[in-house]
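Student: starting from these lines, generate the structure:
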Amino acid sequence: MKLKVGDKVVVITGKDRGKEGKITTVLRDENRVVVEGVNIVKKHIKPAGQNPGSIVDREASVHASNVKCVESKPKAKAKVEHTTEKKVSKVKTVKKSSKKID
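Tutor: Modelled structure (predicted):
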């Protein structure tokens, strides 16, 4: 998976299409990501002890294929690839323009 925590992404399919946000959690085993402000669901909290119980809004995961990285400068969706510079480290770049993302 080419996505990591902190990447800015846009949702390209589903009920939240067009929304942008940062990745807060990456679930590599399930190939899913949690994006802030996207895919809000209601979680029912059962009463226990001093807690009277409640309904809480929280973010659910989105499949990684439903999000795409966003380039910061032109605000365009970007295909991401990893390239090696001087055979030392991997760098995340935009596929066509070969600009570094991070």
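Student: give me the contact list for the longest strand belonging to the chain.
Tutor: Assignment by DSSP state E gives strand 20-27 as the longest strand of the chain. Outside strand 20-27, the residues that touch it by CB atoms under 8 Å, 6 or more residues apart in numbering are 1, 3-11, 33-38, 59, 61, 67, 70. The way it works is simple: take the backbone N, C-alpha and C, and place the C-beta from them, glycine included.
Student: which among those residues count as buried?
Tutor: Buried members of the contacts of strand 20-27, scored by 16 or more other CB atoms under 10 Å, are 3, 7, 9-11, 33-35, 38, 59, 61, 67, 70.
Student: from those residues, pick the one nearest residue 45.
Tutor: For those, the residue nearest residue 45 by CB to CB is residue 59; the value is 15.8 Å.
Student: which non-adjacent residue is nearest residue 57?
Tutor: Using CB to CB, 6 or more residues apart in numbering and skipping residues adjacent in sequence, the residue nearest residue 57 is residue 40, 5.3 Å away.
Student: tell me the contacts of the one you found?
Tutor: 57, 58, 59, 60.
Student: what separates residue 42 from residue 68, distance-wise?
Tutor: For residue 42, the distance to residue 68 equals 27 Å [CB to CB, to the nearest Å].
Student: looking at the two, which is more packed in?
Tutor: residue 68 (17 against 8; other CB atoms under 10 Å).
Student: hey, what's the more buried one bridged with?
Tutor: Counting by DSSP bridges, residue 68 is bridged to residue 10.
Student: that one and residue 13 touch, don't they?
Tutor: No. Residue 68 lies out of contact with residue 13 (CB atoms under 8 Å); the separation is 9.8 Å.
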